[in-house]
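Predicted model follows, preceded by the sequence.
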Amino acid sequence: MSRPYILFLLTAVLTLAGCALGPVTPLAPDTAAKLAPVRFLLTFDDGPDTGPYGGTPFILRQLADNPVTPGIKALFFVQTEHPLRGGGPEGRVQMHDTCAQGQLMAVHSGMVEGHTSHTRLPSDVLAASLRRGAADIALQCGTALPVVRPPTWRHDTRTMDVYHQVGMEMMMADANARDGKIYGWNISLRRRPHMRHELERVGQAMVAQRLQPVEGVTPVIVAFHDPNGFTAMHMTDYLQILVDTARDNGLPLADPPFYTDTQAAGRAALARARAGVYARESWP
């Protein structure tokens with residue numbers, strides 16, 4: 001295959017990737033003016049991803065120092081027992097360092113096997129893993145936020161009962177960066193158009209009064225994965241994309257547009273998890 005043809009194909013792929021989702025319909029200004037402004041609550045799954053070049057520390061540096069909103073506080077759903085995540089010595093140090101920077105932490109998995117679907121676990125095994133995960137976090141952070149995000153988003157009425165049994169609420173997301181699955185292709189060609197459409201759904205949910213304000217703002221939960229190298233390298237870009245695409249959709253933005261106060265972020269997370277209603281109604 002000739003080089004010019006390869007370049008043509010690459011250009012075509014990039015063009016299609018950016019345009020395939022089509023335009024969005026922004027909210028009318030008078031409609032947007034009646035809504036509580038959006039404040040983004042960023043969440044990260046599957047970590048901690050450790051080491052000097054790990055995704056978690058790289059993301060933390062960008063949350064702390066960026067031109068959009070310095071000092072962002074986020075919520076990290078961690079695998080506390082997996083030996084390559086929170087179950088190893090480097091992972092435990094990273095969990096401690098993450099919380100020491102004012103970030104929130106909650107259970108994603110408390111299994112040595114790591115990313116195991118909760119729907120496949122017997123209720124007693126699931127309950128024990130969640131308690132163990134919360135204890136692992138508390139050992140490094142003092143406390144774990146009492147919310148859980150199920151691996152692969154899979155849940156059912158039985159797992160929900162177990163979550164409540166151990167004193168946790170399930171948290172899903174309003175917008176998903178769709179960066180959780182990578183098959184040898186560690187880039188995202190449609191970040192901006194994809195997020196534009198994710199936030200269009202958010203605006204519709206706000207107008208329908210499905211997303212309720214918390215302390216004067218509408219917390220919008222956005223899901224990322226910190227072990228994704230592309231996400232880690234481009235977190236600052238994602239912050240700008242979220243602000244830009246919110247404006248594209250006519251969404252009113254709070255000042256600041258991201259949570260910078262740990263306690264306020266925690267209260268917002270708990271309120272949204274207890275309400276259990278999201279702009280996105282299905283998950284991959």
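All right, it came through fine. Values in this document were obtained by computation on a predicted structure and should not be read as measured data.

center of this protein, which residue is that?
residue 223 (2.1 Å; CA atoms, centre = their mean).

Just give the nearest non-adjacent residue to residue 62, would you?
Excluding its sequence neighbours, the residue lying closest to residue 62 (CB to CB, 6 or more residues apart in numbering) is residue 235, at 4.2 Å. To be clear about C-beta, it is placed using only N, CA and C from the backbone, and glycine gets the same treatment.

And that neighbour, how far from residue 55?
9 Å (CB to CB, to the nearest Å).

Pretty sure the residue nearest to residue 62 sits against residue 64.
No. If you go by CB atoms under 8 Å, residue 235 and residue 64 don't touch, sitting 10.8 Å apart.

Of those two, which one has the most company?
residue 235 (23 against 14; other CB atoms under 10 Å).

What residues does the more buried one make contact with?
Contact analysis of residue 235 by CB atoms under 8 Å, 6 or more residues apart in numbering lists 58, 59, 62, 63, 66, 224.

wait, which of the residues you listed is closest to residue 239?
Distance to residue 239 across these (CB to CB) is lowest for residue 66, with 5.7 Å.

Does residue 35 lie in a helix or a strand, and which?
In this structure, residue 35 sits in neither a helix nor a strand according to DSSP states H and E.

Next up, phi/psi of it, please.
phi -100, psi 150 (degrees, to the nearest 10).

do the same with residue 223
Note on residue 223: its backbone torsions stand at phi -100, psi 130 [degrees, to the nearest 10].

so who does it touch?
Per CB under 8 Å, 6+ apart, neighbours of residue 223: 43, 45, 173, 175, 176, 177, 180.

partners of it in the sheet?
Note on residue 223: beta-bridge partners by DSSP bridges are residue 43, residue 176.

For the lengthiest helix in the chain, give the mean pLDDT please.
Ranked by residue count, the top helix of the chain under DSSP state H comes out as helix 123-141. Here helix 123-141 scores 98 as its mean pLDDT.

If you count contacts, what does that helix end up packed against?
helix 89-100, strand 104-109, helix 157-165 (3 or more CB pairs under 8 Å, 6 or more residues apart in numbering; DSSP states H and E).

How about it, which residues are buried there?
Buried residues in helix 123-141, counted by 16 or more other CB atoms under 10 Å: 126, 127, 129, 130, 131, 132, 133, 134, 136, 137, 140, 141.

secondary structure class for residue 41?
Recorded secondary structure, residue 41: strand (DSSP: H, G, I helix; E, B strand; the rest coil).

who touches it in this structure?
By CB under 8 Å, 6+ apart, the contact set of residue 41 is 74, 75, 219, 220, 221, 222, 259, 265, 268, 269, 272.

rerun at 10 Å
Contact analysis of residue 41 by CB atoms under 10 Å, 6 or more residues apart in numbering lists 72-75, 104, 171, 173-174, 214, 217, 219-222, 258-259, 264-266, 268-269, 272.

Among the residues you listed, which are located in strands?
Those of these mapping onto strands are 75, 104, 219, 220, 221, 222, 258, per DSSP state E.

Save those as TSV, and put in neighbour count, distance to residue 120 and pLDDT too.
As requested, these are arranged in TSV below (neighbours: other CB atoms under 10 Å; distance: CB to CB, whole Å; pLDDT from 0 to 100):
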residue	neighbour count	distance to residue 120	pLDDT
75	25	25	98
104	25	27	98
219	24	31	98
220	29	31	98
221	25	25	98
222	22	27	98
258	25	35	98
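
ok so, going back, from the helices and strands packed on helix 123-141, which stretch is densest packed?
Mean neighbours per residue, mean count of other CB atoms under 10 Å, is largest over the helices and strands packed on helix 123-141 for strand 104-109, with a mean of 27.

report the angle between the axes of that strand and helix 123-141?
Per axes from the mean of the first three to the mean of the last three CA atoms, to 10 degrees, the angle that strand 104-109 makes with helix 123-141 is 150 degrees.

Show me what strand 104-109 packs onto, helices and strands only.
strand 38-47, strand 75-79, helix 89-100, helix 123-141, strand 147-148, helix 262-275 (3 or more CB pairs under 10 Å, 6 or more residues apart in numbering; DSSP states H and E).

Need the ones you listed in TSV (columns: distance to residue 29).
Below are the helices and strands packed on strand 104-109 laid out as TSV (distance: least, CB to CB, whole Å):
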stretch	distance to residue 29
strand 38-47	15
strand 75-79	32
helix 89-100	39
helix 123-141	43
strand 147-148	35
helix 262-275	26
